[in-house]
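[1] following is a predicted model, sequence given first.
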Amino acid sequence: WKITLPQLFGEVAAEWWGIAEPDLAVNSLKNYRPAYIRAERYFHSTPIRSMKPMHVSQFLKWFADDKKAAEKTVKTQLLVVSLIFKYALTCGYVDSNPADGLPVPKGLSKVKREAASPEDVQRIKDHVGDPFGLFAYFALYTGMRRSEILALEWSDIDMRNNAIRISKSIYRDTDGVIKAKEPKTEAGVRVIPLLAGLKKHLKPAKGLVFPNESGGYITEGSFTARWKRYAKQAGISCTPHEIRHAYATALVSS
């Protein structure tokens, strides 16, 4: 008998996605999924062994021009294509990675990282006592990612030595179950200062710092609902990610 290997890019891409998707964090999933779908549709019926660097470059130029994509988005697109070929190379489907080392088109726009406005920062401070207000306040005074805050346990907070140990983040597996995972690299594990402005609002307990009604991890849908209610009550317009970029403000004030 003879083993039939995938011949088309679409076949290999789908195979890679089936393996990669379960291990992706929530934020990575949001960025990788559209990039995967876009590449799979564009190269769907293209024999993967026939693809050259110029084909990938043409795809990136089309994407950048047609969708007016920013530099960061195009870089993510290139990364996903490269990961697909890296997987294909490991499996023996191809002999080289045509996306490896390719530059993105020049002159692409760069998206400026916005921080929460001074008005929103003040409202976050004023509404720390509101339902879910501590979450926004926590993001402001730690600069942590949302997935890291939602995975944080009280045992990770050292009140005596004024330190917070960040060693995990939450993600959703293929069954839709929210779980915690450790960073892929040692650099992802870090210790940050517990600022006095945050410490005074903390009442240490057991388990998760921000649990759901059953004491488990908060789901994406539940988080969105809680955040919308809080943002409306507090009168803020910024996102949790934008609050992270105001962390320097909290450091200075502390």
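    In hand now; what should we look at?
[2] which of the helices and strands in the protein ranks last by mean pLDDT?
    helix 247-253 (a mean of 76; mean pLDDT, DSSP states H and E).
[3] which secondary structure elements does that one sit against?
    In this structure, helix 247-253 makes packing contacts with helix 133-142, helix 196-199, judged by 3 or more Cβ pairs under 8 Å, 6 or more residues apart in numbering; DSSP states H and E. From N, CA and C alone the C-beta is placed, and that goes for glycine too.
[4] and the contacts of it?
    Residues from elsewhere that reach helix 247-253 (Cβ atoms under 8 Å, 6 or more residues apart in numbering): 115, 118, 121, 140-143, 195, 197-198.
[5] looking at these, which is nearest residue 208?
    When the contacts of helix 247-253 are compared for distance to residue 208 (Cβ to Cβ), residue 142 wins out at 15.3 Å.
[6] tell me the contacts of that closest one?
    By Cβ under 8 Å, 6+ apart, the contact list for residue 142 reads 149, 164, 192, 195, 198, 247.
[7] just name the closest of those residues to residue 229, please.
    residue 149 (17.5 Å).
[8] before we move on, back to that, now the contacts of helix 247-253: which count as buried?
    115, 121, 140-143, 195, 197-198 (16 or more other Cβ atoms under 10 Å).
[9] neighbouring contacts of the lengthiest helix in the chain?
    Selection of the longest helix in the chain by residue count, based on DSSP state H, yields helix 71-91. Here helix 71-91 makes contact (Cβ under 8 Å, 6+ apart) with 5, 9, 12-13, 15-16, 19-20, 31-32, 35-36, 38-39, 48, 56, 59-60, 63-64, 69, 94-100, 102, 104-105, 108-111.
[10] list of residues touching the very next helix or strand once past that helix?
    Reading on from helix 71-91 to the C-terminus, the next helix or strand found by DSSP states H and E is helix 118-126. Around helix 118-126, the neighbours that count as contacts under Cβ under 8 Å, 6+ apart are 116, 133, 136-137, 140, 234-238, 243, 246, 249.
[11] swap in stretch 214-221?
    Here stretch 214-221 makes contact (Cβ under 8 Å, 6+ apart) with 26, 150-151, 170, 172, 178-180, 207-208, 210-212, 226.
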